[in-house]
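[1] The following comprises the amino acid sequence and a computationally predicted model.
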Amino acid sequence: MWMSWKHLKSDYPTNLTFEQKVEVFYEQTLGWQLHIADLVANGGTTFGESNPVQTGYEVRSIRHSGFAVLHICLSYFELIGTLVTSKAGHLSDTAKFKAGVKAVLPILFKGTSDDDSLLKVLYKGARCGLYHLGRPRAHVGLGQPEDGSPIAYDSKSGTVIISPERLPVVLKSHLETLKAELLNPANTALRNEFENRFDEGFE
């Protein structure tokens, strides 16, 4: 049984060390989610196979794949929300999602009323629209924010604009940073929360 794109269950002992848990989490999230989204949106090289060893191959981006990319990416925010909030198992999905967005993309928030509006549209319009209806609700669109960010909020129209090309790249970068933080013994609270969530299957 595969534990990630590169690890079989038989590769590990029954009881994983903390470092092995981080490695499995990282490779699952990167190889089964974020890198796939990046390939769909931007093209690139697949990871290949580890058993038997096969090299990756080049793929082209897929036109009109923007909302499919968001389907793949948006759950990352909720996942991160379970790690950055204590007792996450008792929080609503809404709270986890919003906490994750703030942790992953703090640059989006200016300390104004627009912050809450952005999160509301992103959660209800993008996350819930795509997951529950298969399409975004009103006030969610695809585009390239002028400031180079993956997500922008237009307060005049109440619209959130998301770049499906930029978003997976930014999330992959965040995942790299998170891995480094988890492997730092000084980050006790984060490491404890991660291990609890990992052992519970991120419930």
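    Alright, I've got the coordinates. Numbering: from 1, shown residues only.
[2] contacts, neighbours, all on C-alpha from now
    Noted.
[3] what are the ranges of the helices in the protein?
    Secondary structure of the chain (DSSP state H): helices at 18-29, 35-42, 66-73, 75-84, 93-104, 113-120, 167-182, 188-199.
[4] looking at those helices, which is closest to residue 11?
    Evaluated with C-alpha to C-alpha, these place helix 18-29 nearest to residue 11, the distance being 10.6 Å.
[5] So for the closest one, mean pLDDT?
    The average of the pLDDT scores along helix 18-29 is 95.
[6] do the same with stretch 143-157
    pLDDT averaged over stretch 143-157 gives 93.
[7] Can you measure across it, start residue to end residue?
    From its first residue to its last, stretch 143-157 covers 15 Å (C-alpha to C-alpha, to the nearest Å).
[8] mind listing what's buried in it?
    Going by neighbour count (16 or more other C-alpha atoms under 10 Å), the buried part of stretch 143-157 is 143-145, 149-153.
[9] Just give me how far it sits from the chain centre.
    19 Å (C-alpha atoms, centre = their mean, to the nearest Å).
[10] and what of stretch 138-152?
    17 Å.
[11] same question, stretch 93-104
    For stretch 93-104, the separation from the chain centroid amounts to 11 Å (computed by C-alpha atoms, centre = their mean).
[12] which residues touch the residue most central in space within the chain?
    The centroid of the chain falls nearest to residue 76 when counting by C-alpha atoms, centre = their mean (2.5 Å). By C-alpha atoms under 8 Å, 6 or more residues apart in numbering, residue 76 lies in contact with 100, 171.
[13] can you rerun that using 10 Å?
    29, 33-34, 97, 100-101, 104, 168, 171, 175 (C-alpha atoms under 10 Å, 6 or more residues apart in numbering).
[14] That concludes my questions; thank you for your assistance.
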